[in-house]
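Enquirer: let's see this in three dimensions:
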Amino acid sequence: MFKKSIPAFLLGALLIGSLSFQSCKKDDDDETVTPTPTPTLYERLGGINAISAVTDQFLANVVADPVINARFAATIADANRTRLLRLNLIDQICAAAAGPCQYKGKTMIEAHQGLNITEVEFNALVGDLVDAMTSLGVAQADQNELLGILGGLKPDIVGQ
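Expert: Numbering: from 1, shown residues only. Alright, predicted model coming up:
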């Protein structure tokens, strides 16, 4: 009788040990399966400070751009309008990049109605933004992603 209980005891111990290891194995798998969240474009751009720096360089580029600077002359001449444009651009880029900002300005159609912005002017503006991002070290993939998002606004700007 004692000989029969030893195998049963060993079988029980092996079964319990096996379940314990399976339990540990499952916990290890749960830890390795949890994916790390992909950073948002906002985070990859560097957050609000980096977006503000890009916006400041962008506005400087626009002021120096002979193709479009006349379009912004009245705004640049008025410190309050310049500040409002800057803040709206920061909010717009931040929101487009999935950041915590909310754009509160006019719609692009409202802001550009009656201005008859041309394709050449729009492309010059985009070029000024690209130059600003490049000069501040924004990765090409992040530039492309932001431009893809903002590019959707083109029909609301050109020819209005």
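Enquirer: care to break this protein down by domain?
Expert: According to automatic domain parsing, the chain comprises the domains 1-34, 41-157.
Enquirer: distance between the longest one and the chain's centre?
Expert: Between the centre of domain 41-157 and the centre of its chain there are 14 Å (C-alpha atoms, centre = their mean, to the nearest Å).
Enquirer: using CSV, please lay out the domains of the chain together with mean pLDDT and mean neighbour count.
Expert: Glycine gets a C-beta too; all of them are placed from N, C-alpha and C. Output for the domains of the chain, formatted as CSV (pLDDT from 0 to 100; neighbours: other C-beta atoms under 10 Å):
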stretch, mean pLDDT, mean neighbour count
domain 1-34, 49, 9
domain 41-157, 97, 15
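Enquirer: how long is stretch 146-156 from one end to the other?
Expert: Stretch 146-156 has its terminal residues 17 Å apart, counting by C-alpha to C-alpha, to the nearest Å.
Enquirer: all numbers from here: first residue = 18
Expert: Shifting the count to begin at 18 puts that one at stretch 163-173.
Enquirer: contacts for that stretch?
Expert: Stretch 163-173 has contacts (C-beta atoms under 8 Å, 6 or more residues apart in numbering) with 58, 62, 109-110, 113-114, 124-126, 129, 139, 143, 146-147, 150.
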